[in-house]
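Participant: Could you look at this predicted model? Sequence included:
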Amino acid sequence: MIDYETLRLIWWVLLGVLLVGFAIMDGFDFGVAALLRVLGRSDEERRVLLETVEPVWEGNQVWFILAGGAVFAAWPFVYAVAFSGLYVAMFLLLAAFILRPVGFGYRNKLTDPRWRNAWDWVLTASGLVPMLIFGVAFGNLFLGLPFRLDAEMRMTYQGGFFGLLTPFAVLTGLVSIAMLLTHGASYAAFKADVSLAERAGGVARNSVIAYLGLYLAAGAWLAFGLPGYAIVSPVDGGAPSNPLLKQVAVQGHWFAGYAAHPAFWLAPALALAAAVGNIALGAARKYFVAFLASSLMCAGTILSAGFALFPFLMPSSLDPDSSLTVWDASSSQRTLGIMLVVVIVLLPIVLGYTSWVYRVLRGRVTLEHVKHHLGY
């Protein structure tokens, strides 16, 4: 069997893969929904935009379910703290996830413009709210969440929802919004009717320029304005999980891991290069390749945050020693090993099926198509 330390690293990588997959695959759904009233200036244009994502959004959301399941099974401490302490944020997130399919299903049930406009606003909110919450959540990981563990591993959380909305966390929320608006607009540019392509390309250009400024500002704040966390006691990567067996100091900055592992710099370099490439490719009207560039931008952004946090998964601002790390917050070695076999078997099936679906659904959704159909 693979040793415990290696299994923990593998599952940290897999968690990153699942989060990147979720951001890329479900991120353009959020972006299209959030931009519905911006890109679509008539009911028919909005129907075109919705029909670009309606056949695939359920499959895309599998990545979110997989990521949540991976956290539950591989990192139970993280799951317990997140779902207990961040209850209101989770409620808002799930409400947005619930309202989105309802909006897809009910918007076209009536032709009354007031009915459809109301559902358009619901869909817009269902796209914006998850973007903001996910970005704010990442920002709070760098600030530390207000929880502590007692000797019996019982968690105490001393914070509220509005306490999460600090200036830095709001900034990272805006990074998330700009990133996924770019991704959604890039998707619409190559998938929606050609009459919408130029408009979507213009929105993508403006969004990615905003992303570049916000991402660099967040990186500078992280480097010079926030103290980092560091484990100052010996680490045994093969020991049973117990977050209280280590000592953590709040010192230095969050880029210390980049100095120890120079290859980590490839992630922010990828994010910035892909963002610039998205601008250039959009200007050249190579919209599909621009969408691939925005996908790489999403991947680089999430990886750069994960690399900066490593080995921390969920730092604690109340008691740094209670912080959850890769080395002390995982399930047992046997559990990680069994789940790895399951992933090796099932993940290729998910990837193969997803690829087949997108091949079948290739091509643009045209205005002519929606004019001859009352619904999706």
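Facilitator: Good, I have the coordinates. Numbering: from 1, shown residues only.
Participant: C-alpha only now, for contacts and for neighbours.
Facilitator: Fine.
Participant: how deep is the closest residue to residue 365 other than its chain neighbours tucked in, by neighbour count?
Facilitator: Among residues not flanking residue 365 along the chain, residue 192 sits closest, at 5.1 Å (C-alpha to C-alpha, 6 or more residues apart in numbering). Neighbours of residue 192 under the rule other C-alpha atoms under 10 Å: 26.
Participant: next one: residue 2
Facilitator: By the criterion of other C-alpha under 10 Å, residue 2 has 11 neighbours.
Participant: what sits against it?
Facilitator: Residue 2 sits next to residue 337 when contact means C-alpha atoms under 8 Å, 6 or more residues apart in numbering.
Participant: That one - that's part of a helix, no?
Facilitator: No: counting by DSSP: H, G, I helix; E, B strand; the rest coil, residue 2 is not part of a helix but coil.
Participant: Now do it, the pLDDT please.
Facilitator: Listed pLDDT for residue 2 reads 89.
Participant: Distance of it relative to residue 8?
Facilitator: 10 Å (C-alpha to C-alpha, to the nearest Å).
Participant: now do residue 235
Facilitator: Counting by C-alpha to C-alpha - residue 235 and residue 8 are separated by 13 Å.
Participant: what's the overlap in contacts for the two?
Facilitator: In contact with both residue 235 and residue 8: residue 327, using C-alpha under 8 Å, 6+ apart.
Participant: When these two are compared, which one has more neighbours?
Facilitator: Ranked by neighbour count (other C-alpha under 10 Å), residue 235 and residue 8 place residue 8 first, with 26 against 13.
Participant: thought the residue nearest to residue 365 was touching residue 47?
Facilitator: No: taking contacts as C-alpha atoms under 8 Å, residue 192 lies outside contact range of residue 47: 10.0 Å.
Participant: Would you mind confirming that residue 287 is in contact with residue 189?
Facilitator: Yes: the criterion here is C-alpha under 8 Å, and residue 287 meets it with residue 189 at 5.9 Å.
Participant: Between the two, which has more neighbouring residues?
Facilitator: More crowded of residue 287 and residue 189, by other C-alpha under 10 Å: residue 189, with 31 against 24.
Participant: Show the contacting residues for the nearest residue to that one once chain neighbours are set aside.
Facilitator: Closest residue to residue 189 apart from its sequence neighbours, by C-alpha to C-alpha, 6+ apart: residue 197 at 4.1 Å. Each residue near residue 197 by C-alpha under 8 Å, 6+ apart is listed here: 188-190.
Participant: May I see those residues arranged in JSON lines, with distance to residue 206 as well?
Facilitator: As requested, these are arranged in JSON lines below (distance: C-alpha to C-alpha, whole Å):
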{"residue": "188", "distance to residue 206": "15"}
{"residue": "189", "distance to residue 206": "14"}
{"residue": "190", "distance to residue 206": "17"}
